[in-house]
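J.: For reference, the sequence and a predicted model appear below.
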Amino acid sequence: DIQMTQSPSTLSASVGDRVTITCRASENISGWLAWYQQKPGKAPRLLIYKASSLESGVPSRFSGSGSGTEFTLTISSLQPDDFATYYCQQYNSYSLTFGGGTKVEIK
Amino acid sequence: QAQLVESGGGVVQPGGSLRLSCAASRFTFTSYGIHWVRQAPGKGLEWVAFVRYDGNEKYYADSVKGRFTISRDNSRSTVYLQMNSLRTEDTALYYCAKDGVVRAIRVYSDYWGQGTLVTVSS
């Protein structure tokens, strides 16, 4: 299986900060990567697909980049609603795999 | 917007069985694959299984292969997950999720249900 490694696992930031989360794949997945946001007690929400395509209805402060084995999710100006856990997911191989998650906390 | 509603969770002893259901609405069910994804308490997301839009292809995580079976009834817009030989490590909130691309095979998930809790305990 392809392993997905996210860093950091926890991030403390303030409203207005620019935040970057990294996701590394154990092998080349081209651009077959999605990002999700999950809040406590809620289902995940799709933010980004195909590494950099913004899902409809997702604020433009979210952006994704990367290809091959290294990817980033950037929040350009952190808003109160953005404090949550973020997961990457690869869909290049037979078995889909998620990263371990990055919790974005209030500083 | 697409809607997915899971049911069938509960408490079961190790070695037991359970069947989960995922009732879908507000989209063309016969054109989309459906995933099951689980989340153990306090842990991350784990993909479990996928069934193609027509039911003719099925994929499983190694951790459940041979124990779980995914199926769908397109006449009822429902997907099932039959779980046999359950283990304590199968304890989790089980989500069903819609594939994000029409007639695709295992891509990202654009709509998720709220989940149904499965607890495996003696």
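T.: Structure received. It should be emphasised that the depicted structure is a prediction, and the values quoted were computed from it without experimental measurement. Numbering: from 1, shown residues only, chains lettered A, B, ... in the order given.
J.: roughly how far apart are the most centrally placed residue in chain B and A:A51?
T.: The centre of chain B sits closest to B:W36, judged by Cα atoms, centre = their mean, with a distance of 2.7 Å. Applying Cβ to Cβ, to the nearest Å, the value for B:W36 to A:A51 is 24 Å. To be clear about C-beta, it is placed using only N, CA and C from the backbone, and glycine gets the same treatment.
J.: coming back round to it: export only the CA atoms of the helix or strand hosting the residue nearest to the centre of chain B, formatted as CSV.
T.: B:W36 belongs to strand B:34-39 when assigned by DSSP states H and E. As requested, the backbone C-alpha atoms of strand B:34-39 are provided in CSV (Å, rounded to 0.1, in the frame of the first residue of the first chain):
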residue,chain,number,x,y,z
ILE,B,34,-19.8,4.2,-3.3
HIS,B,35,-17.1,3.9,-0.7
TRP,B,36,-17.1,2.8,3.0
VAL,B,37,-14.6,4.6,5.2
ARG,B,38,-14.2,4.1,8.9
GLN,B,39,-12.8,6.0,11.8
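J.: Check whether whichever helix or strand comes after it comes near chain A.
T.: Next helix or strand after strand B:34-39 toward the C-terminus (DSSP H and E): strand B:45-51. Yes. Contact of strand B:45-51 with chain A (Cβ under 8 Å from any Cβ of the partner chain) involves B:L45, B:E46, B:W47, B:F50.
J.: to the chain's geometric centre, what's the distance from strand B:45-51?
T.: Centroid displacement of strand B:45-51 relative to its chain, using Cα atoms, centre = their mean, to the nearest Å, is 7 Å.
J.: Would you tell me what the next helix or strand after it is?
T.: Following strand B:45-51 in sequence, per DSSP H and E, is strand B:58-60.
J.: Only the buried residues of that next one, if you could.
T.: Neighbour counts using 16 or more other Cβ atoms under 10 Å in any protein chain shown place B:Y59, B:Y60 of strand B:58-60 among the buried residues.
J.: okay, now A:L47: neighbour count?
T.: Neighbour count for A:L47, taken as other Cβ atoms under 10 Å in any protein chain shown: 22.
J.: helix, strand or coil for it?
T.: strand (DSSP: H, G, I helix; E, B strand; the rest coil).
J.: quick one: it and A:A13, what's the gap?
T.: 17 Å.
J.: A:V58 too?
T.: Taken as Cβ to Cβ, the span from A:V58 to A:A13 is 19 Å.
J.: which ones are touching the residue nearest to A:S76 when sequence neighbours are not counted?
T.: Counting by Cβ to Cβ, 6 or more residues apart in numbering or on different chains, A:S76 lies nearest to A:R61, which is 4.5 Å off, once chain neighbours are set aside. Applying Cβ atoms under 8 Å, 6 or more residues apart in numbering or on different chains to A:R61 gives the contacts A:I75, A:S76, A:S77, A:Q79.
J.: Got the phi and psi for the third one?
T.: The one in question is A:S77. Main-chain torsions, A:S77, degrees, to the nearest 10: phi -150, psi 100.
J.: what do you get for A:P80?
T.: Note on A:P80: its backbone torsions stand at phi -50, psi -30 [degrees, to the nearest 10].
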